[in-house]
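Enquirer: coords please:
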Amino acid sequence: MNKYAITAENIKMQYGVSTILKDVSVHIGQGDIYALVGKNGSGKTTLLRILTGLIKDFTGTVSITKTNGQDSRFAAVINDPSLFLNMSAFENLKEQTYLLGLLEDSQIEEVLKTVGLADSNHKPVKNFSLGMTQRLKLAMALLQKPDILILDEPMNGLDPDGIADLRELLLRLHENGMTILISSHILSELEQVATSFGILYEGSIVKEAAVHDALQNGTSLEKLYMQYTRGGKAND
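Expert: Presented below is the predicted three-dimensional model:
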């Protein structure tokens, strides 16, 4: 059985005359939390869009392994989903269930509990903190009961409490077997949750490894990132 949930090989992508991705290969293990790291403009969001099928105009291959014999269910928070600010979290998710063809209110309540918003489901979203809003966006993705969850910079703008809440949530989802692909600039946080990582630099993945193999003897994800992006690929 394929040990990878997602395998992408030799992905190339151009916008006009600009090459965004020139040779990207990633291997995301089933049940992993895979951290995609790279500077602004490195092509992280473009790669995430390709992996979710939002971008079709690329060369290379993307393979998604089935889950329990069925096509794997994807959910992603890449673009900010539309929220109704005068509605509660429950009401926002109710609107989403109509779009997904779901009818069970109990499923909404379960998801709100999962993301830690069960006690705030009657509060208007306009009164939410940024951390609560981020958790609501994640709840909208979780309504689809995904096998694979893709998150683009979910920690942006969060205070320490919000980051800690998100970290705990990601670890709970991981314990339940969900495959998670996450991009972020906060390398110290990624190091606490990720089981594997890929460093995107100048259009290519210059390092991909399991966290427990790569981060030994005092090495941090930040040190590895600097090693592989200051002057390009270092010697293994």
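
Enquirer: please enumerate the helices of the chain.
Expert: Per DSSP state H, the chain carries helices over the ranges 44-51, 89-100, 105-114, 130-142, 160-175, 187-193, 211-214, 221-229.

Enquirer: of all those, which one is nearest residue 61?
Expert: Among the helices of the chain, helix 44-51 comes nearest to residue 61, with 10.7 Å by Cβ to Cβ. Every C-beta, even on glycine, is put in place using the N, C-alpha and C of the backbone.

Enquirer: distance from the chain centre to the closest one, please.
Expert: 10 Å (Cα atoms, centre = their mean, to the nearest Å).

Enquirer: try stretch 14-27
Expert: 19 Å.

Enquirer: state the mean pLDDT of it.
Expert: Mean per-residue pLDDT for stretch 14-27: 89.

Enquirer: now do the buried residues in it.
Expert: Using 16 or more other Cβ atoms under 10 Å as the test for burial, stretch 14-27 gives 20-21, 24, 26-27.

Enquirer: got a list of what residue 91 touches?
Expert: residue 84 (Cβ atoms under 8 Å, 6 or more residues apart in numbering).

Enquirer: what sits closest to the residue positioned nearest the centre of the chain if chain neighbours are left out?
Expert: Centroid-nearest residue in the chain, with Cα atoms, centre = their mean: residue 151, separated by 2.5 Å. Excluding the flanking residues, the one nearest residue 151 by Cβ to Cβ, 6 or more residues apart in numbering is residue 182, at 4.6 Å.

Enquirer: mind checking which of the helices of the chain is nearest residue 3?
Expert: helix 211-214 (15.0 Å).
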